[in-house]
Structures are given as C-alpha cells and as structure tokens.
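*Asks:* Take a look and give me a structure for this.
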Amino acid sequence: MSAVAWIAVGSLAAWVWLLLGQGFFWRTDQRLPRRTAPDGWPSVAIVVPARDEADMLPVSLPSLLAQDYPGAAEVILVDDCSKDGTGDLARALSVRYGGLPVTVVSPGEPEPGWTGKLWAVRHGISLARAREPAPEYLLLTDADIAHEPDSLRELVAAAGSGGFDLVSQMARLRVASAWERLVVPAFVYFFAQLYPFRWVNRATARTAAAAGGCVLLRTGAAERARVPESIRQAVIDDVSLARAVRRSGGRIWLGLAERVDSVRPYPRLADLWRMVSRSAYAQLRHNPLLLVGTVLGLALVYLAPPVTLAAGLLGGDAPAAWAGGAAWAVMAGTYMPMLGYYRQSLWLAPLLPFTAVLYLLMTVDSALQHYRGRGAAWKGRTYARPGAAPDR
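*Replies:* Got it, this is the predicted structure:
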C-alpha cells in the first residue's frame, strides 16, 4: 500500500478505537441519574462569582431567585471588582423579583497566586460556611447560566439519591449565530472525548471532570478537599475541582444538562476564539511536547480522513480512498448525537474536520500567547503558568 493509504488506515483504526474504546464519549445519554425527593431538604448556598456581568444578570439572576426549592436556600453573589455596576444591578434585581434572599459582597482584588474567579468563589464559600448552621450544599454557578425553576431541587435530589459529593451539569451553550452552530457543539464533543462522562461517573475511575457553570458540592466534601484553596491557581478550575474532590475520596457525577442553559452570546468567531484559546494551552499543562503531540494527533484523527479520501480519488488509490472515507464516516457518525442534543442539522457532521482545524489553530494561538507573556487572558486579567507555591 502507498504511504497515503497507510495514513488513512491509521486514521480509521484510531476512529474505531475512539468509537468503541473511549468510554462511548460520543453518546449524549448521561443526564441526571434517577433520583427521589429526600425526607428533609438540606440547606443550600448558591455562590455566583461575577465580574462585569451586567449584560448577563438580567437573564440569569432572576432564574436563581425563582428556584422552587422546598428547603432553605440563599444566593451569594460575589462582585469581582466589576466596573459595570454588576453589584448594584444584582441588588436591584433582587428587590424587583423577590424570591430567594441575595447577599452581594466584593472581596477586592485577588491576592497573588489566585485566579480571580477562584478568589471570588473562596469569599463566597467562606461567607456561606460562616452561617449558623452552615449549608449542607454549595451550588457554584456562573453569572451567565440560567436555571429552570426546578434545577436546584433536581440537583440536590440527584446528589442525595446517588450519594454523590459533587454533581455537575454541562450547561447547554447558546447556538444562535452561524459560528456558534459550527463551533459550540464541537466544543462539548471534544470535552467529552477528553473526559468521557461514563468514566467520570464510575466510582472507581481515575478520570475526573466537572463543568464549572453548574456544580453542586457538599460543603463537607469541599472542606475535605480544601477547595478552593488547594486549586487556587487553576485556570481550568472545574476539572481541578473535580480532581480535588475525587482525590479526597468524594464521589462525583458529570452529565449534560436539560434545563440549565448558558445565555452568553458568542456571535463572532473572534468571541469563540478567545473562549477556547484562553485555556487551551493550560489544558496541555503548558508543555510544548504535549502541544506537538496534540497537533499531530488532531491531524491524523480529524484531517487525514478527508485529505486521504481526496488524494485517493484523485490519484486512483483505492485503499486510501476507502479507508479515508470510512474514517470520515465514523467521525461524522459519532458527532451526530451531539448535533442532535443541540438541535442542529445533521448535515453539519461532515464539517467536523474543518471545525477541528479551527480548534487546532486556537490551541497553537493559546501557546503563542503564553510564550508572549499574555497567558490566559480574561476580562482584563492575565494568568501566567501556575507556580509551585505550596498549598496554604
């Protein structure tokens, strides 16, 4: 066989393995597990870190205030040095809509060694723990996440029924613009490929991950895992949180959301590019060898199928065309469930190689920004590579 054919066969073999051996990552059936209402509903503190979120709060905060929760619950919104009146707007929305009580606090600029979000989360958790009695659960949710009225009730019921210390749902991201339709479902698809939800949800598995927009955490588990102090430098804070809980002996669960949605728009490619590139190189632990391996792996898995198919057809290389076409077909087939979850046309599935090229370029750009000293830039802050400072 020709070299092109061998590349096509290698890509096909990789896709057969991904189809069957990577925790069935492509399936979208990991939803909240079976649950029953507890005899007594535990108290919950909802912690919302917010930095310059005045555009998002009118949609997201009322959904938290309107939670239909039978137990005691409150909202603690931590204003992370916003310049757009986020804190004042949160107070005004609380007065306008009523519902759950709201406390708005501002901890000031983060101390050295902390990311801004985790500094805000730390302040919110500390305030919640100071309550008498302290809440049994903490719901960590972002300021751009809207919850249906039964969201908190269902999360708490799932955690109690399953004996989970952490229950996380990946919020359904917005898919309105053309670029969102092309890029967003693939973002969740790639995340599930890295962290297959089935593996995460096994009690004995080593794989750990969470989705930071919606994390229900037992207060006792947070104390045992020493979070957020133990992960204070983490840029990818949700995965780091899940790992810390699992290392401390906690049980975790991760799945796709049905009634939790992100309301943040990413109408332009540049918006999506910033979202991905700010943390892509951190995902690779700022390791240039991992970056090279990732680029080569993406090329073999996602780019080789259409390229070898075209080369085989043009050059009369039947094995290359057959293997490349088969690999592309398997790839598209695994992407269809995620497109269905996002209610998008299945005709987008064959475009996954193009989307993968975009993600490859975003990852390379993330590395370039890191080496230019810009690190993970977000909302006016830049985070360098985490140091080796001891936990405190």
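*Asks:* Trp17: how many residues sit nearby?
*Replies:* Neighbours of Trp17 under the rule other Cβ atoms under 10 Å: 11. Any C-beta I mention is one placed from the backbone N, CA and C, and that applies to glycine too.
*Asks:* my hunch is that it is in a strand, does that hold up?
*Replies:* No - counting by DSSP: H, G, I helix; E, B strand; the rest coil, Trp17 is located in no strand; its state is helix.
*Asks:* what does stretch 153-166 rub up against?
*Replies:* 32-38, 41-42, 44, 67-71, 137, 139, 167, 169, 210, 214-218, 220-221, 241-242, 245, 250-253, 259 (Cβ atoms under 8 Å, 6 or more residues apart in numbering).
*Asks:* I misspoke; the intended subject was stretch 332-347.
*Replies:* Here stretch 332-347 makes contact (Cβ under 8 Å, 6+ apart) with 15, 18-19, 26-28, 172, 175, 181, 184-186, 188-189, 192, 256, 348-350, 352.
*Asks:* tell me the secondary structure for the closest residue in space to Pro288 that isn't next to it in sequence?
*Replies:* Of all residues not flanking Pro288 in the chain, Ala367 sits nearest, at 7.4 Å (Cβ to Cβ, 6 or more residues apart in numbering). Under three-state DSSP, Ala367 falls in the helix class.
*Asks:* could you list every residue that touches Ala367?
*Replies:* Contacts of Ala367 (Cβ under 8 Å, 6+ apart): 280-281, 284, 286, 288, 291.
*Asks:* wait, which of those residues is closest to Pro265?
*Replies:* Comparing the contacts of Ala367 against Pro265 with Cβ to Cβ places Ala280 closest, at 20.8 Å.
*Asks:* Sort out which of the contacts of stretch 332-347 are in helices and list them.
*Replies:* 15, 18-19, 181, 184-186, 188-189, 192, 352 (DSSP state H).
*Asks:* just the strands in the chain please.
*Replies:* For the chain, applying DSSP state E gives strands covering 44-50, 73-79, 102-105, 137-141, 145-147, 166-172, 214-218, 252-262, 376-378, 381-383.
*Asks:* Same list, those strands, but as JSON lines with mean neighbour count and mean pLDDT please.
*Replies:* As requested, the strands of the chain are exported to JSON lines (neighbours: other Cβ atoms under 10 Å; pLDDT from 0 to 100):
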{"stretch": "strand 44-50", "mean neighbour count": "26", "mean pLDDT": "98"}
{"stretch": "strand 73-79", "mean neighbour count": "24", "mean pLDDT": "98"}
{"stretch": "strand 102-105", "mean neighbour count": "17", "mean pLDDT": "98"}
{"stretch": "strand 137-141", "mean neighbour count": "27", "mean pLDDT": "98"}
{"stretch": "strand 145-147", "mean neighbour count": "23", "mean pLDDT": "98"}
{"stretch": "strand 166-172", "mean neighbour count": "26", "mean pLDDT": "98"}
{"stretch": "strand 214-218", "mean neighbour count": "25", "mean pLDDT": "98"}
{"stretch": "strand 252-262", "mean neighbour count": "22", "mean pLDDT": "96"}
{"stretch": "strand 376-378", "mean neighbour count": "17", "mean pLDDT": "59"}
{"stretch": "strand 381-383", "mean neighbour count": "16", "mean pLDDT": "61"}
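*Asks:* Using CSV, please lay out the ones you listed together with distance to Asn201.
*Replies:* Shown next, in CSV, are the strands of the chain (distance: least, Cβ to Cβ, whole Å):
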stretch, distance to Asn201
strand 44-50, 22
strand 73-79, 26
strand 102-105, 33
strand 137-141, 19
strand 145-147, 21
strand 166-172, 10
strand 214-218, 14
strand 252-262, 5
strand 376-378, 28
strand 381-383, 30
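*Asks:* Which one of the ones you listed lies nearest to Arg206?
*Replies:* The nearest among these, by Cβ to Cβ, is strand 252-262 at 11.6 Å.
*Asks:* Which strands or helices does that closest one pack on?
*Replies:* Judged by 3 or more Cβ pairs under 8 Å, 6 or more residues apart in numbering; DSSP states H and E, the packing partners of strand 252-262 are strand 145-147, helix 151-162, strand 166-172, helix 197-200, helix 237-247.
*Asks:* just the ones you listed: most buried one?
*Replies:* Most buried of the helices and strands packed on strand 252-262, by mean neighbour count (mean count of other Cβ atoms under 10 Å): strand 166-172, with a mean of 26.
*Asks:* That one pairs with which strands, parallel or anti?
*Replies:* If you go by DSSP bridges, strand 166-172 pairs up with strand 214-218 (antiparallel), strand 252-262 (parallel).
*Asks:* Switch these over to a markdown table; also include distance to Val357.
*Replies:* Listed next are the strands paired with strand 166-172 as a markdown table, based on distance: least, Cβ to Cβ, whole Å:
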| stretch | distance to Val357 |
| --- | --- |
| strand 214-218 | 30 |
| strand 252-262 | 24 |
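*Asks:* Of all those strands, which one comes closest to Val4?
*Replies:* Of the strands paired with strand 166-172, nearest to Val4 by Cβ to Cβ is strand 252-262, at 37.6 Å.
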